[in-house]
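# Fold the following.
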Amino acid sequence: MATKITHWIDGKSWTGTSKNQGQVFNPATGLQTGEVDFADIATVDQAIKSAKDAFPMWRDTSLTKRTQIVFKFRELLNAKKEELAAIITSEHGKVLSDALGEVTRGQEVVEFACGIPQLLKGGFSEGVSNGVDVYSIRQPVGVVAGITPFNFPAMVPMWFFPIAIATGNAFILKPSDKDPSASIWIAKLWQEAGLPDGIFSVVQGDKVAVDRLLEHPDVKAISFVGSTPIAKYVYENGTKNGKRVQALGGAKNHMVVLPDADLDLTADSAINAGFGSAGERCMAISVVVAVEPVADQLIQKIVDRMGKLVTGDGTKNSDMGPLVTKQHRDKVASYIEAGEKAGARVVVDGRKVQADGAKEGYWLGPTLFDNVKTDMSIYQDEIFGPVLSVVRVKSYEEALNVVNGHPYGNGTAIFTNDGGAARRFQNEIEVGMVGINVPIPVPVAYYSFGGWKSSLFGDSHAHGMDGVNFYTRGKVVTSRWLDPSHGGINLGFPQN
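Below is the predicted model of the structure:
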């Protein structure tokens, strides 16, 4: 029997009035495991009302108390993270170790938010004029929302809600309908940590819920992660309605390999970054730009490692799980067909994988292309699957031009033992996040996450100080407390 997954509003499960539902599947078996309610406008409005009503009390709650609740959430999450990882694996398909890693990286932001008293400290200038002091403070914006993708049902929401809540806002999460159960588990954990009702809400759903969050006047800020077309849509419609929007879009991440690189480290990194989580990561490496003469040797090392990978049920001893849905699996497979027809050489064909799991699972094994050209769809498009392409170039300059010529600018990496080349690369590359001998340069929580070009709309990145500033507004107070010696009227502008 399919599990019923619904909304979380005002501190409890909330069925709502809509009869529209979606189906949730276990990608490793192809079997339906749940039905998720889709919110109508009335349900979204109820969540917003609950958040708006709860906000003033939470805004006025002391920093000490807020921090204690966030820290309690951190302790509970740490104690129960294996439980959350199992939920992620059952609905997303990624292997358990990867799911646990996702939770751990999300917890980093929770821990960052535990330092919110220090992060919200303002400035103070005494005696700027005769008896006048000036100081700055940051205050929460109100009701805020996060619209998050299927590939990280715990980590990406945790990029946003810990900071939003710690700074005094009320947060509404609209998760992916592909793997919605993690959001309800998190909501219950917040309640156990002592968070007041209405401060964290979940509305499940589709475009109806998204559009209502974008247009409702009481929602003051929107955080989004997803594909570039939808990120652009969210940014344009959110800002049109007067909201702050941070919208992180798609990616096509390149790994540049110079001739002096350690090729064993590089091959390991290409495998890890290209095929982890079945390539369903916005920071996955999908293109290796090999500066000759390293391509042949590097490809052989990658192939040797690919032969040892086990694709299968994420609850077993597998390296890579299935893709999230059958439709997505078929879409990724169609890119492999298109690349082959365009003239790229299929070195390893993931369509032929023998998976360790039910035959109905959404399996597609790791795939490697060689001789990929920059006009091919497998190079131009974000495939979001376990497909790694090798582009051969003759020089560092050509490699740089390849990366900078792509419309996406999310993440990139360079592998080299030449410090001068690495320093030049980090300066000249037009990408927001750069790794030097690090294949997945996801910043730690106290730095901010975000790309350039078509990978980001607006100028606000996730977490770090960008996150703190996004969820707060600055205010400057000029204050004078008169002493008994004051007196007299002076209509002139104060001079001292």
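# And the strands in the stretch 251-400 of the chain?
With DSSP state E, counting those that start in this stretch as the criterion, the stretch 251-400 of the chain has strands at 253-257, 285-291, 345-348, 367-370, 387-393.
# Sort out which residues of the second one are buried, please.
I take that to be strand 285-291. Of the residues in strand 285-291, I285, S286, V287, V288, V289, A290, V291 count as buried by neighbour count, 16 or more other CB atoms under 10 Å. Using the backbone N, CA and C atoms, a C-beta is placed for each residue, glycine as well.
# With distance to A182 as added columns, please give those residues in TSV.
Listed next are those as TSV, based on distance: CB to CB, whole Å:
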residue	distance to A182
I285	26
S286	25
V287	30
V288	32
V289	35
A290	38
V291	41
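# for this protein, which helix is longest?
In the chain, taking DSSP state H as the definition, the longest helix is helix 63-92.
# Centre of the chain to that one, how far?
Offset of helix 63-92 from its chain centre (CA atoms, centre = their mean, to the nearest Å): 17 Å.
# Can you name the element that comes right after that helix?
Later in the chain than helix 63-92, the nearest helix or strand by DSSP states H and E is helix 96-113.
# by contact count, what packs against that next one?
Under the contact definition 3 or more CB pairs under 8 Å, 6 or more residues apart in numbering; DSSP states H and E, helix 96-113 sits against helix 63-92, helix 155-166.
# So in that sheet, which strands flank the next helix or strand after the last one, and in what orientation?
Next in sequence after helix 155-166, counting helices and strands by DSSP H and E, comes strand 170-174. Strands adjacent to strand 170-174 in the sheet, as given by DSSP bridges, are strand 143-147 (parallel), strand 200-202 (parallel).
# in the longest helix of the chain, what's buried?
When burial is assessed from 16+ other CB under 10 Å, helix 63-92 yields the following buried residues: 66-67, 69-74, 77, 81, 84-85, 87-92.
# for stretch 267-280, same thing?
Buried positions in stretch 267-280, judged by neighbour count with 16+ other CB under 10 Å: A267, S269, A270, I271, A273, G274, F275, G276, S277, A278, G279, E280.
# Including pLDDT and distance to A47, could those residues go into JSON lines?
Conversion of the buried residues of stretch 267-280 to JSON lines gives the following (pLDDT from 0 to 100; distance: CB to CB, whole Å):
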{"residue": "A267", "pLDDT": "98", "distance to A47": "48"}
{"residue": "S269", "pLDDT": "98", "distance to A47": "42"}
{"residue": "A270", "pLDDT": "98", "distance to A47": "43"}
{"residue": "I271", "pLDDT": "98", "distance to A47": "42"}
{"residue": "A273", "pLDDT": "97", "distance to A47": "37"}
{"residue": "G274", "pLDDT": "97", "distance to A47": "39"}
{"residue": "F275", "pLDDT": "97", "distance to A47": "38"}
{"residue": "G276", "pLDDT": "95", "distance to A47": "34"}
{"residue": "S277", "pLDDT": "96", "distance to A47": "30"}
{"residue": "A278", "pLDDT": "96", "distance to A47": "32"}
{"residue": "G279", "pLDDT": "97", "distance to A47": "33"}
{"residue": "E280", "pLDDT": "97", "distance to A47": "28"}
